[in-house]
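In: Dropping the sequence and predicted coords here.
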Amino acid sequence: MTSLSVIIPFRNRANLLRKTLESISAQEGLENKSIELILVDNDSNQETVRMVRKWIEDYGDKLIWANIKLIVEKKIGASIARNTGFRYSASPWIAFFDSDDLMKKNHLGEIISNIQRFPDRDIIYRDVEYHYDGKTRVLRGTRCNLWHDVILHSILTTPRHVVTREFFERSGQWNEELLAWNDWELSIRYLINDPKIKHISGVPTMTIISHEDSITGHQRNSLTDKLTHAISVARKELMSSPHCHKAYLLDIKEVFLACQYKKDYKSQKANEIMDRIIKNSVVKPWFLKMIYRVQSNSRGYGSLIVLLSGLLNGSLFARKVQNS
């Protein structure tokens with residue numbers, strides 16, 4: 001049996017995907033390993049498909065550790081393609097990888113090693129490099145507490161973690177209706193199901209590449225409804241769970257979103273979000289306004305939230321949160 005299934009959906013962007021595949025070709029330390037590599041063509045153009053087929057032709061026999069599958073999912077959507085790839089997988093551990101990110105030579109070997117070291121965990125995640133606008137920084141693991149960092153800092157994004165097949169199914173798989181923040185919403189469902197999680201620190205073995213078409217600036221402005229819908233879906237799921245008392249973090253997440261709109265000179269949208277949050281939030285308005293004011297005029301909010309997180313257990317709430 002293969003020990004790991006790596007699922008990579010792709011749609012066009014042949015030049016970026018080529019670099020991702022080249023990083024897979026360069027993997028080392030996988031002797032006597034068996035890894036399932038599932039490439040999901042999400043209705044790509046002919047140029048991209050030809051490139052992928054050529055890569056499989058060139059490396060299919062050379063990568064003796066890889067069982068390569070190329071499958072087609074015509075219905076467009078990253079979550080749809082990932083779920084399709086999952087249905088074709090057979091391994092007890094699943095890794096989802098994006099078609100524009102890069103593996104370092106030891107990435108898959110490190111994943112297998114960590115799975116062998118921590119077989120009783122449901123999720124294993126690690127520090128990664130994040131590259132944007134010519135700058136590279138390391139995204140670390142938990143800084144405050146898991147709920148805080150998953151909701152506010154998205155520390156379980158798609159390529160950062162591997163998950164057991166059983167736990168992924170128990171958590172409901174990818175929400176195919178969401179068009180933004182899919183992995184963020186999934187990570188909240190992970191926490192609702194009380195996973196056993198292991199964080200691996202150290203030198204990152206992969207690089208997340210952010211491009212101009214990421215959710216920033218004009219693109220974020222065009223996705224306002226999709227982003228707030230993702231928060232609404234997460235709120236409904238959280239409020240129906242025993243962890244409903246963590247819902248205040250979703251209010252703070254929306255404050256952060258409003259701050260980004262203000263920084264993008266979209267003050268009207270920022271004000272609309274803030275007015276709605278203050279009206280409906282379980283958190284007292286003065287605290288939300290303070291976060292908004294500080295974050296709107298600063299690049300960093302982590303230290304502020306860590307400093308004040310201890311207050312969030314009671315004194316800042318306007319009313320008691322109950323299961324819906």
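Out: Sure, I can see it. Numbering: from 1, shown residues only.
In: what ranges of the stretch 101-250 of the chain fall below the confidence cut-off?
Out: Using pLDDT under 70 as the threshold, the predicted model of the stretch 101-250 of the chain has low-confidence ranges 143-144, 211-224.
In: Which parts of it are strands?
Out: The residue ranges that make up the strands of the stretch 101-250 of the chain, judged by DSSP state E, counting those that start in this stretch, are 102-103, 123-126, 128-132, 135-139, 161-164, 197-200, 206-209.
In: of those strands, which approaches P242 most closely?
Out: Ranking these by distance to P242, with C-beta to C-beta as the measure, places strand 197-200 first at 17.5 Å. From N, CA and C alone the C-beta is placed, and that goes for glycine too.
In: do you know which of the strands of the stretch 101-250 of the chain lies nearest I7?
Out: Using C-beta to C-beta as the measure, strand 161-164 is the one of the strands of the stretch 101-250 of the chain that comes nearest I7, at 10.8 Å.
In: Residues contacting that closest one, please?
Out: Among residues not part of strand 161-164, those counted as contacts by C-beta atoms under 8 Å, 6 or more residues apart in numbering are 4, 92-95, 111, 114-115, 121-126, 190.
In: I76: which of the strands of the stretch 101-250 of the chain is closest?
Out: Closest approach to I76 among these is made by strand 206-209 (21.6 Å; C-beta to C-beta).
In: And that closest one, how far out from the chain middle?
Out: Its chain's average C-alpha position is 12 Å from that of strand 206-209, according to C-alpha atoms, centre = their mean, to the nearest Å.
In: What is that strand packed up against?
Out: If contacts are counted by 3 or more C-beta pairs under 8 Å, 6 or more residues apart in numbering; DSSP states H and E, strand 206-209 sits against strand 102-103, strand 128-132.
In: Just put those strands in TSV and tack on mean neighbour count.
Out: Below are the helices and strands packed on strand 206-209 laid out as TSV (neighbours: other C-beta atoms under 10 Å):
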stretch	mean neighbour count
strand 102-103	22
strand 128-132	17
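In: As a markdown table, those strands with distance to S296 would be great.
Out: Conversion of the helices and strands packed on strand 206-209 to a markdown table gives the following (distance: least, C-beta to C-beta, whole Å):
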| stretch | distance to S296 |
| --- | --- |
| strand 102-103 | 33 |
| strand 128-132 | 21 |
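In: and the closest residue to T157 other than its chain neighbours, how many neighbours?
Out: By the measure of C-beta to C-beta, 6 or more residues apart in numbering, the closest residue to T157 outside its immediate chain neighbours is D183, 5.1 Å from it. Per other C-beta atoms under 10 Å, the neighbour tally for D183 reads 20.
In: before we move on, back to that, so which of the strands of the stretch 101-250 of the chain gets nearest L179?
Out: Nearest to L179, of all the strands of the stretch 101-250 of the chain, is strand 206-209, at 20.1 Å by C-beta to C-beta.
In: Okay, now the sheet partners of the closest one, with direction.
Out: Strand pairing for strand 206-209, using DSSP bridges, gives strand 102-103 (antiparallel), strand 128-132 (parallel).
In: How about exporting that strand as PDB, limited to the C-alpha atoms?
Out: Extracted C-alpha coordinates of strand 206-209, given in PDB (Å, rounded to 0.1, in the frame of the first residue of the first chain):
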ATOM      1  CA  MET A 206       8.400  24.000   0.700                       C
ATOM      2  CA  THR A 207       7.700  27.500  -0.600                       C
ATOM      3  CA  ILE A 208       4.200  29.000  -1.100                       C
ATOM      4  CA  ILE A 209       4.300  31.400  -4.000                       C
END
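In: Count the neighbours of the closest residue to P92 other than its chain neighbours for me.
Out: Leaving aside its chain neighbours, P92 sits nearest to R165 (5.3 Å; criterion: C-beta to C-beta, 6+ apart). Other residues lying near R165 total 15 when counted by other C-beta under 10 Å.
In: Settle this for me: R165 is touching W93, isn't it.
Out: Yes - proximity of R165 to W93 meets the contact threshold set by C-beta atoms under 8 Å, at 7.0 Å.
In: So Y265 versus S296, what's the distance?
Out: Between Y265 and S296 the computed distance is 12 Å (C-beta to C-beta, to the nearest Å).
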